[in-house]
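Visitor: Only the shape, not the letters, is given here:
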């Protein structure tokens, strides 16, 4: 997965949720995240959080490989059997709920979305 | 649902998750929550949070009726077609994750549990 914006807590959470979905739905062995950061990013903190995710995936026998790639801007998921998924906004297409105690605060299937395009194709 | 402990943020969140599950899985029209509080409960704050949940359910045409019942201690869910569900620990049987960025932080299907008994029966 290429995603330049896994920096803010909710963006990291989106990626955690993505990993949870993948772990439940498949027999995946490895996830490679290619991402970027900028001057405002607290890099040590980001690496700590991603490290915690990495460790928890390892306990489920899934390797999370994280690579920082400067000046990237595209978003895509490439699966190893040839499918490519592109979302205009990446994973960051959910609206912030009005309240953290409303229906949809936890379950994104019930959360309002922002407008975005999803392309799924095989190469 | 009778649950004396819908007070702490994570207990309220468990109930929000319960409502999300119910809304997705059924054509339910009404949820009645019978609960309690004690001297330490910030009642106005609790009522605010439950009010936000109530409002969001109403937008999905589900009425949430909340009743406070002093000195209750049992936990159960009673469905209107006669099924009763009892969990020793109520909804509060998930372990706190080591990190909020680990797999299972969001998806309770991947979260470690505490030991508890679940009885489901029809009367």
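Guide: Ah, there it is. Remember, predicted model here, so these are calculated numbers, not experimental data.
Visitor: And the residue most central in space within chain A, its phi and psi?
Guide: Nearest to the mean C-alpha position of chain A, counting by C-alpha atoms, centre = their mean, stands residue A:15 at 2.6 Å. Here is the backbone geometry of residue A:15 (degrees, to the nearest 10): phi -70, psi -40.
Visitor: who touches it in this structure?
Guide: Applying C-beta atoms under 8 Å, 6 or more residues apart in numbering or on different chains to residue A:15 gives the contacts A:3, A:6, A:33, A:53, A:91. Yep, even glycine has a C-beta here, placed from its N, CA and C like the rest.
Visitor: Using TSV, lay out those together with distance to chain B.
Guide: Shown next, in TSV, are the contacts of residue A:15 (distance: C-beta to the nearest C-beta, whole Å):
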residue	distance to chain B
A:3	15
A:6	11
A:33	13
A:53	5
A:91	13
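Visitor: which bits of chain A sit near chain B?
Guide: A:12-13, A:16-17, A:19-21, A:23-24, A:49-50, A:52-53, A:55-57, A:60, A:98-107, A:109-110 (C-beta under 8 Å from any C-beta of the partner chain).
Visitor: Could you list which of the residues you listed belong to strands?
Guide: Judged by DSSP state E, the residues of chain A next to chain B include no members of strands.
Visitor: And the residues you listed, which of them are buried?
Guide: Buried members of the residues of chain A next to chain B, scored by 16 or more other C-beta atoms under 10 Å in any protein chain shown, are A:12-13, A:16-17, A:19-20, A:23, A:49-50, A:52-53, A:56-57, A:99, A:101-107, A:110.
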